[in-house]
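A.B. asks: Kindly generate the corresponding structure for this input.
(chains A, B, C and D)
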2 protein chains.
Amino acid sequence: MELDKGLISGSMALLVMKLLEDQDLYGYQMIEELRRRSDDTFHLRAGTLYPLLHGLEEKGSVTAYEQTAENGKNRRYYHLTKQGRGVLAEKEAAWNTYARAVGQVLKGGACLAGA
Amino acid sequence: MELDKGLISGSMALLVMKLLEDQDLYGYQMIEELRRRSDDTFHLRAGTLYPLLHGLEEKGSVTAYEQTAENGKNRRYYHLTKQGRGVLAEKEAAWNTYARAVGQVLKGGACLAGA
DNA sequence: TGACATATATAGGACTCCGATATATAATGT
DNA sequence: ACATTATATATCGGAGTCCTATATATGTCA
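C.D. replies: Here you go, the predicted structure:
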């Protein structure tokens, strides 16, 4: 099945923030973690992720800090702020509303005359 | 709750085609019908719908025909073609896949170590 | 040494959707 | 009679989102 990328447009921020709910992660980690959690459905691209993270940082939803991993390499970790958690909660609620509404339309409302 | 329009980006074509599955409709009717079926969640704009319909027509997913209603007014009705029904089926399957995957991520995969 | 994975980043472009605007007719209000 | 609102179709410009392509640097494996 062809991947219709437009379908989930706008929900990348939601998904990324959700990943950061439990723990701080660096960019590359998020790409892999999202792929794993979605059973290989979401293939978040680096060219999408990094500008997205920079945007979230500007808005104050995440903060970034450099940290040296065990192997001595610098990784840029991202942390979900308290404000970011509020945004995440809103986005989750919005997603649920929309997903429910789409489901309702797809279920086939039929009976146009009922209006 | 603020309407995060980006969330359902790309699914407008799916929703509109779904409306045409049961019966031919004209543009304005689709706007109202979608609003009704989604319990007032989706407010499809005229500036979104008409270009979308023209695009679907170009691709051969719908055909259009003028028809005079009982009140003597000309309405531009749209009909979902056989090819369009195929596209609709694919889009529905894609939506279900993505909605399921988002749900899985939101459920909280946690356990990063499992990777 | 050359290919590939890890890791971060930007630029340019495609696509989707919205707001504004235009046009025309019908219904409704005052 | 005149104004407003609803019906109905249509286009344009712009904002936002995401992708591809590209750049850079390191590490690993053959």
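
A.B. asks: low pLDDT regions in chain A?
C.D. replies: Low-confidence segments of chain A (pLDDT under 70): A:1-6, A:70, A:109-115.

A.B. asks: center of it, which residue is that?
C.D. replies: Centre of chain A computed as the mean C-alpha position; nearest residue by C-alpha atoms, centre = their mean is A:Leu15, 1.8 Å away.

A.B. asks: residue contacts, that one?
C.D. replies: Counting by C-beta atoms under 8 Å, 6 or more residues apart in numbering or on different chains, A:Leu15 touches A:Leu34, A:Ser38, A:Phe42, A:Leu44, B:Val102, B:Val105. Placement of C-beta: from N, CA and C, glycine included.

A.B. asks: after the strand or helix carrying it comes which helix or strand?
C.D. replies: Per DSSP states H and E, A:Leu15 falls inside helix A:12-19. Downstream of helix A:12-19, the next assigned helix or strand under DSSP H and E is strand A:25-26.

A.B. asks: buried sites along whichever helix or strand comes after that next one?
C.D. replies: Sequence order places helix A:27-37 as the next helix or strand after strand A:25-26, per DSSP H and E. Under the neighbour-count criterion of 16 or more other C-beta atoms under 10 Å in any protein chain shown, helix A:27-37 has A:Gly27, A:Gln29, A:Met30, A:Ile31, A:Glu33, A:Leu34, A:Arg36, A:Arg37 buried.

A.B. asks: what about stretch A:27-42 and DNA strand D, touching?
C.D. replies: No: judged by C-beta under 7 Å from any atom of the strand, stretch A:27-42 stays clear of DNA strand D, getting no closer than 7.9 Å.

A.B. asks: And stretch A:66-83, by the same measure?
C.D. replies: Yes: using C-beta under 7 Å from any atom of the strand, stretch A:66-83 reaches DNA strand D at A:Asn71, A:Gly72, A:Lys73.
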